[in-house]
Every structure is written in structure tokens, then in C-alpha cells.
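Colleague: Got a sequence here, can you build the structure:
(one chain, ligands or ions: 1)
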Amino acid sequence: MRIDIEGLSFIYPDNTKAISDITCSFSQKKIAILGANGSGKSTLLQHLNGIHVPQSGTVKIAGEPITKQTAPIIREKVGLVFDQPDQQLFAPTVFEDVAFGPRNKGLPEEEVMQIVEQILEVLGISHLKEKAPYDLSLGQKKKVAIAGVLAMEPELLLFDEPFSGLDPRALTDILQLLDQLTASGHMIILTTHDVDFAYSWAEECCILKGGKLLYQGDTAILENKEMMREAGLCTPLLFSLFQDTDYRPRTVEQGRYILSTYLNKQKHKARE
Ligand SMILES: Nc1ncnc2c1ncn2[C@@H]1O[C@H](COP(=O)(O)OP(=O)(O)OP(=O)(O)O)[C@@H](O)[C@H]1O
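Modeller: Predicted coordinates for the structure are as follows:
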């Protein structure tokens, strides 16, 4: 799926200019939107499924411009998981919450039940299906919110700060889920402050500053100290560790492999 954004600006009713003249396009499967607090990441993301309709400029999803008329149709193809799950959960039980989208599509009840059961199973939250969403922990709520979006079977998934407030276990679960989704052909665009995650995961990134686009393209840009300083971000930790070498590991596993190979060679040399 291709996304084209051209000359996009957005001003909130209180006159805050949140994004300003953004032009970029995405076609890779894993995209990270980075930027400091208040740089306009969420506002941009909310334009990609028509929660915000462009005030000026255009947003096209697979060639289809987002307008008041097309937004409801586009929302069936593009699902957004909010930063705060409470913004999204409303039904009396987890099951009802996840079933809302498929029911709204007019699917027969038997199919709705099948879809919901399957998604709850994949996310490992079947045991919560009769619970009230408001009684769940943050990580559980996030999973229910994701389940609700997945139940709509969107082609493109938008995640606003998917890792905020999660413990290491829930974080690993969500990371695995992102991998499963991209492996099964979904495109994912997420906002994050986590430069280390973006460096290891994303195929492409865009960096915002004060509502303007500072950069769009390859994630190798995250190694650029001047750019990152300007954006109010830091270079990735792995890059900082290896910057004086020719190696550019993107994951801890790659870094560990390089280090252990190097240290083993040193050991052999010392023995000779
Ligand atoms: N509903 C709103 N009404 C008025 N101003 C808003 C509203 N939502 C966001 N803003 C403002 O728009 C600007 C961009 O906010 P946005 O939430 O898009 O940034 P962000 O990069 O996602 O921030 P963060 O990393 O803190 O979540 C900020 O100045 C913010 O105060």
C-alpha cells in the first residue's frame, strides 16, 4: 500500500499549528515516525485513517484521497491503535469490544464470534473475554485495543506509541505481534521516541520537529548526530557503541555476535 502526503498542515481549534506543510510518501512495510514531544507525530498519524481530515494539503491512501466522504471507508482499511487504550475501549466486556467492528461491518454473528475468538487467542487474552475493559491492566488494555483494530482486518495498522507504559513481558509480546503482522503482509506505521527500537525495526523513518518534516528516508539517518540533536533526539545506543568501527549492528544480537567474534579472535592471537 502506498501513502502520499502533500503539503499537509493542521491547526487545532485553539489555534495550535500542530503540523505544517508536510510532504512525504511511504511504501515500505515498517515505518517509524520520530520526533520530540509535541512535534506533531500523533496529529500526523491521525490523518492517515481520517480521524483528522486535511485542512490544507492532501493525504492519499493507495491513491484514494482522504475526505469527509471517504474517511469512513478508509477507516475499514486503516486501523489506528491509540496511545491511551481508554480512548478506544468502550464496551461492557472485552468480547463485546472486539466484536464491535466486525458486527458493524454487518458480518453474521457466527463469523463475528469466530473472528473474535481467533484474535483473542493470537493475542493470548482469551481468558479476559468476559472482563470489563476498564478493570484490566494497561498492557492488557493495550492488547484489547489492538484486538479491536485487528478484528476489522485492516491492511495498514497505525500504532501511536505502542510501547509506552508496558513492562518487559508485555513489550516482548507486542514486539512479537508487530513481527507477525508484518510477516503476514501488513504495513505498520508507528510513532515512537524510542530511537533504538526504530533503528533495529524500521525500514524507513520520518523525523518531525515543531510540526515540520525534518527528514524522511533510510533509518541510517539516525546515526547523524547533528540531525538527531536538531530533532531533540539521541543517536541509537548501538551506533554510539560501534561508531569508531566499521560495524553497524542494528540489533543487540548482531552487536553481541560482532563482539564475541572479535574477542575470540583476540584470545586466539594472544595464545599464538
Ligand atoms: N486536541 C488538541 N488541541 C489543541 N492542541 C493540540 C491538541 N492535540 C495536540 N495539540 C498540540 O499539537 C502539537 C502536536 O501534538 P502531537 O500530540 O501531535 O505531538 P506528538 O509529537 O505526538 O507529541 P508526544 O510525543 O508528546 O505525544 C502540540 O503542540 C500539542 O500541544
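
Colleague: and the helix or strand of the chain with the lowest mean pLDDT, what other elements does it pack with?
Modeller: Lowest on mean pLDDT, DSSP states H and E among the helices and strands of the chain sits helix 168-183, with a mean of 86. Helix 168-183 is packed against helix 138-150, strand 187-192, with contacts defined by 3 or more C-beta pairs under 8 Å, 6 or more residues apart in numbering; DSSP states H and E. Heads up, the C-betas are built off the backbone N, CA and C, glycines and all.

Colleague: buried stuff in that helix?
Modeller: Neighbour-count burial for helix 168-183 flags Ala170, Asp173, Ile174, Leu175, Leu177, Leu178, Leu181, Thr182 (criterion: 16 or more other C-beta atoms under 10 Å).

Colleague: Between its first and last residues, how far does stretch 25-40 reach?
Modeller: End-to-end span of stretch 25-40 (C-alpha to C-alpha, to the nearest Å): 17 Å.

Colleague: Is there proximity between that stretch and the ligand?
Modeller: Yes - using C-beta under 6 Å from any ligand atom, stretch 25-40 reaches the ligand at Gly35, Asn37, Gly38, Ser39, Gly40.

Colleague: Correct me if wrong: the first one contacts Ala231.
Modeller: Yes - under the contact definition of C-beta atoms under 8 Å, Gly35 touches Ala231, with a separation of 6.2 Å.

Colleague: roughly how far apart are the nearest residue to Gly148 once chain neighbours are set aside and the ligand?
Modeller: When the adjacent residues along the chain are set aside, Gly148 lies closest to Val98, with 5.1 Å between them (C-beta to C-beta, 6 or more residues apart in numbering). In this view, Val98 and the ligand are 26 Å apart by C-beta to the nearest ligand atom, to the nearest Å.

Colleague: what number of residues lie near Leu123?
Modeller: Leu123 has 20 neighbours, counted by other C-beta atoms under 10 Å.

Colleague: same thing with Ala91?
Modeller: Ala91: 15 surrounding residues under other C-beta under 10 Å.

Colleague: Now do the contacts for it.
Modeller: Asp97, Ala99, Phe100, Pro133 (C-beta atoms under 8 Å, 6 or more residues apart in numbering).

Colleague: so which of those comes closest to the ligand?
Modeller: Pro133 (22.3 Å; C-beta to the nearest ligand atom).

Colleague: Give me the spatial nearest neighbour of that closest one, chain neighbours excluded.
Modeller: Closest to Pro133 by C-beta to C-beta, 6+ apart is Leu89, at 3.9 Å.

Colleague: Can you give the distance from the least confident helix or strand of the chain to the centre of its chain?
Modeller: What separates the centre of helix 168-183 from the centre of its chain is 11 Å, taken as C-alpha atoms, centre = their mean, to the nearest Å.

Colleague: CA atoms only for it, dumped as PDB, please.
Modeller: What follows is helix 168-183, C-alpha atoms only, in PDB (Å, rounded to 0.1, in the frame of the first residue of the first chain):
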ATOM      1  CA  PRO A 168       9.300  -6.000  29.600                       C
ATOM      2  CA  ARG A 169       7.000  -9.100  29.200                       C
ATOM      3  CA  ALA A 170       4.100  -7.100  27.600                       C
ATOM      4  CA  LEU A 171       6.700  -5.200  25.400                       C
ATOM      5  CA  THR A 172       8.100  -8.500  24.100                       C
ATOM      6  CA  ASP A 173       4.500  -9.700  23.300                       C
ATOM      7  CA  ILE A 174       3.800  -6.500  21.400                       C
ATOM      8  CA  LEU A 175       7.100  -6.700  19.500                       C
ATOM      9  CA  GLN A 176       6.400 -10.300  18.500                       C
ATOM     10  CA  LEU A 177       2.900  -9.300  17.400                       C
ATOM     11  CA  LEU A 178       4.400  -6.500  15.200                       C
ATOM     12  CA  ASP A 179       6.700  -9.100  13.600                       C
ATOM     13  CA  GLN A 180       3.800 -11.500  13.000                       C
ATOM     14  CA  LEU A 181       1.800  -8.700  11.400                       C
ATOM     15  CA  THR A 182       4.500  -7.500   9.000                       C
ATOM     16  CA  ALA A 183       5.300 -11.200   8.200                       C
END
